[in-house]
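A.B. asks: Next comes the sequence, and after it the predicted model I'd like to discuss.
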Amino acid sequence: MEARSQWGSRAGFILAAVGSAVGLGNIWRFPATAFENGGGAFFIPYLFALLTAGIPLLIMEFTMGHKYRGSAPVAYKKMSKKTEWIGWWAVLVAFVISTYYSVIIAWAMSYSVFSFNLNWGADTETFLFNDYLNLTVAPGQTGGFEPGVLIPLLIVWAVVLGILFRGVKKGIEIANRIFIPSLVIIFLIIVIRAITLPGAMEGLNAFFAPDFSSIASPGVWVAAYGQIFFSLSIAFAIMITYSSYLPKKTDLTNNAFIVGFGNSSFELLAGIGVFSVLGFMASQANVPVDEVVAGGVGLAFVVFPAIINEFPALNELFGFLFFASLVLAGLTSLMSITETYVAGLVDKFKISRAKAVLFGGGTAAVISLLFATQGGLFFLDAADYFINQFGVAFIGLVEVILVAWVLRKLKEFQSHANEISDIRLGSWWTISLGVITPIVLGYMMISLFKQNLLKEFATDTGNYEGYTDTFILFGGWFVAAAAIVVGVLLSLSKWNSSDD
Ligand code: PHE
Ligand code: NA
């Protein structure tokens, strides 16, 4: 049997984990989330969530991967024969995410090319939906392929699968060593330009202005936990997989702190950059900053191009740098999600990495073509909403309850991490994982189910984004449920070797 792959260095692992964590969520999710949930005051629940859930769970997942030396299904199986399916469930959620995350990177790739001539023109919204995405069909219909999306999408997959094909050390590690420093440099250039734009200070004031009354609202705490989970790529099998390639002697706890704070620093930097340019835009249009705040696809592909148009100089260059940073941040995250199922397939079916990349990555790539059609955006939106809402909070909750309460593994993990790490884990760690995180995630799940299930099926207008019941049923719930069902089926199939 082939020896298990290993990172070439500690820095290589940290860069790869940071590369997974730093993604579109930092750039377009954090700034808007913080703004809407108390601005400067949001940092209190945010830091609390980082220290009681984010970093403790990172340490736990690093320990699981390192201790059991396997992808998520292996780690869960080694904890208990009955829980392998949870590992597959996490892997399948990662699989689904990879099918549309790749598409957003493809858009960013197109837009970095459009930057050269500012092709989006004055009406950036019409350009995105009509000209670029050509969204002319009803939700649930595909229409034809959009070559403008299809071609960069194929390039994205060729790059990512090519890197994974080369392996952990020669592929993933080297790519992150190049992409992450480049991303940091590009982002610093953008942020420096942003904060020196006229109006930037008003934007920053709006961003940091603390609304302390917001902290009393549970919704703000839920938003903080949600952001931390998504942003640190926790509960998606990713960090378990990456840490399974760590050498025997390594510092788990310290690594988790570096990755956790590294990701949050990048988030803060993105918040500063985004709100500086929003302040600039508001001052150009002579409106208050809160009228121009946006997040997600709208921020990146509608608002940003419009702001780039207004830049005093070097518009094309800054447009290119911005979209290139999205591409780099996205590619390193996509590599990490894709690696979860490549590793799962290698471990379970004892096939070569090359075959796993070809089969697993190939399947994801083929499915992703759905999102490169004229109706692609609707599918993408539905899958994203459901997988994120239910995937992350749900798996995270099951994961901590299982480890802390059902299998009672915390003590064992604690001594495993303590043996090899500088920082000793104490009651902070066990209380965070055993008590605080389950309570917050449990509350999150209950309110999510209430919000989506009860309201949505009761009325026709209550659906997410006003989509029809059938579309929500198949596009959203079906996908979310399929991840569990397929996970159980995979766990029931036989391991292709005697030594497991
Ligand atoms: N952590 C990534 C971000 O902040 C998002 C992500 C989530 C990536 C899940 C992979 C898997 O953008
Ligand atoms: Na992140």
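C.D. replies: Right, received. Where do you want to start? Numbering: from 1, shown residues only. Ligands and ions are numbered 1, 2, ... in the order given.

A.B. asks: Show me what from the protein comes close to ligand 2.
C.D. replies: Within the chain, the positions near ligand 2 by Cβ under 5 Å from the ion are 21, 25-26, 231, 263. Any C-beta I mention is one placed from the backbone N, CA and C, and that applies to glycine too.

A.B. asks: residue in the stretch 251-400 of the chain nearest to ligand 1?
C.D. replies: residue 333 (3.9 Å; Cβ to the nearest ligand atom).

A.B. asks: What's the local residue count around that residue?
C.D. replies: A count of neighbours around residue 333, defined by other Cβ atoms under 10 Å, yields 24.

A.B. asks: try the one 5 residues further on
C.D. replies: The burial metric for residue 338, expressed as a neighbour count using other Cβ under 10 Å, is 28.

A.B. asks: before we move on, what about the one 10 residues further on?
C.D. replies: Using other Cβ under 10 Å as the criterion, residue 348 is surrounded by 26 other residues.

A.B. asks: I'd like the next helix or strand past the strand or helix carrying the residue of the stretch 251-400 of the chain closest to ligand 1.
C.D. replies: Per DSSP states H and E, residue 333 falls inside helix 315-349. Counting by DSSP H and E, the next helix or strand C-terminal to helix 315-349 is helix 353-356.

A.B. asks: how about the CA coordinates for that next one, as CSV?
C.D. replies: In CSV, the C-alpha atoms belonging to helix 353-356 read as follows (Å, rounded to 0.1, in the frame of the first residue of the first chain):
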residue,chain,number,x,y,z
ARG,A,353,-5.1,9.4,-6.2
ALA,A,354,-5.1,9.9,-10.0
LYS,A,355,-8.3,7.8,-10.3
ALA,A,356,-9.9,9.5,-7.3
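
A.B. asks: got the residues of the stretch 201-350 of the chain near ligand 1?
C.D. replies: Within reach of ligand 1 by Cβ under 6 Å from any ligand atom, the stretch 201-350 of the chain has these residues: 230-231, 233, 236, 238, 333, 336-337.

A.B. asks: swap that for the chain, sorry
C.D. replies: 21, 23-26, 97, 230-231, 233, 236, 238, 333, 336-337.

A.B. asks: let's go with 8 Å and repeat that
C.D. replies: Where the chain comes near ligand 1, counting by Cβ under 8 Å from any ligand atom, the residues are 20-27, 29-30, 94, 97-98, 101, 230-233, 236, 238, 263, 329-330, 333-334, 336-337, 392.

A.B. asks: Among these, which ones are in strands?
C.D. replies: Using DSSP state E, no member of the residues of the chain next to ligand 1 falls within strands.

A.B. asks: Dump the residues of the stretch 201-350 of the chain next to ligand 1 to a markdown table, plus pLDDT.
C.D. replies: Shown next, in a markdown table, are these (pLDDT from 0 to 100):
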| residue | pLDDT |
| --- | --- |
| 230 | 88 |
| 231 | 93 |
| 233 | 89 |
| 236 | 89 |
| 238 | 97 |
| 333 | 97 |
| 336 | 98 |
| 337 | 97 |
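
A.B. asks: right, and out of these, which lies closest to residue 384?
C.D. replies: Closest approach to residue 384 among those (Cβ to Cβ): residue 230, at 10.9 Å.

A.B. asks: Near the closest one, how many other residues are there?
C.D. replies: So residue 230, with other Cβ under 10 Å, has 23 neighbours.

A.B. asks: so it sits right up against residue 392, yeah?
C.D. replies: Yes: with contacts counted by Cβ atoms under 8 Å, residue 230 reaches residue 392, the gap being 5.8 Å.

A.B. asks: Any stretches of the stretch 351-500 of the chain with poor pLDDT?
C.D. replies: Where the stretch 351-500 of the chain drops to pLDDT under 70, the residues are 388-391, 452-466, 468-476, 497-500.

A.B. asks: can you give me the helices for it?
C.D. replies: Ranges of helices in the stretch 351-500 of the chain, per DSSP state H, counting those that start in this stretch, are 353-356, 362-368, 376-386, 393-401, 410-420, 427-431, 437-449, 455-458, 469-471, 479-492.

A.B. asks: Mind putting those helices into a markdown table with distance to residue 268 and mean neighbour count?
C.D. replies: Output for those, formatted as a markdown table (distance: least, Cβ to Cβ, whole Å; neighbours: other Cβ atoms under 10 Å):
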| stretch | distance to residue 268 | mean neighbour count |
| --- | --- | --- |
| helix 353-356 | 37 | 18 |
| helix 362-368 | 31 | 17 |
| helix 376-386 | 24 | 22 |
| helix 393-401 | 23 | 22 |
| helix 410-420 | 27 | 17 |
| helix 427-431 | 23 | 15 |
| helix 437-449 | 22 | 18 |
| helix 455-458 | 34 | 14 |
| helix 469-471 | 37 | 14 |
| helix 479-492 | 32 | 17 |
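
A.B. asks: For the ones you listed, give me TSV that also has distance to residue 255.
C.D. replies: Compiled in TSV, the helices of the stretch 351-500 of the chain are given as follows (distance: least, Cβ to Cβ, whole Å):
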stretch	distance to residue 255
helix 353-356	24
helix 362-368	28
helix 376-386	29
helix 393-401	19
helix 410-420	10
helix 427-431	15
helix 437-449	20
helix 455-458	41
helix 469-471	42
helix 479-492	28
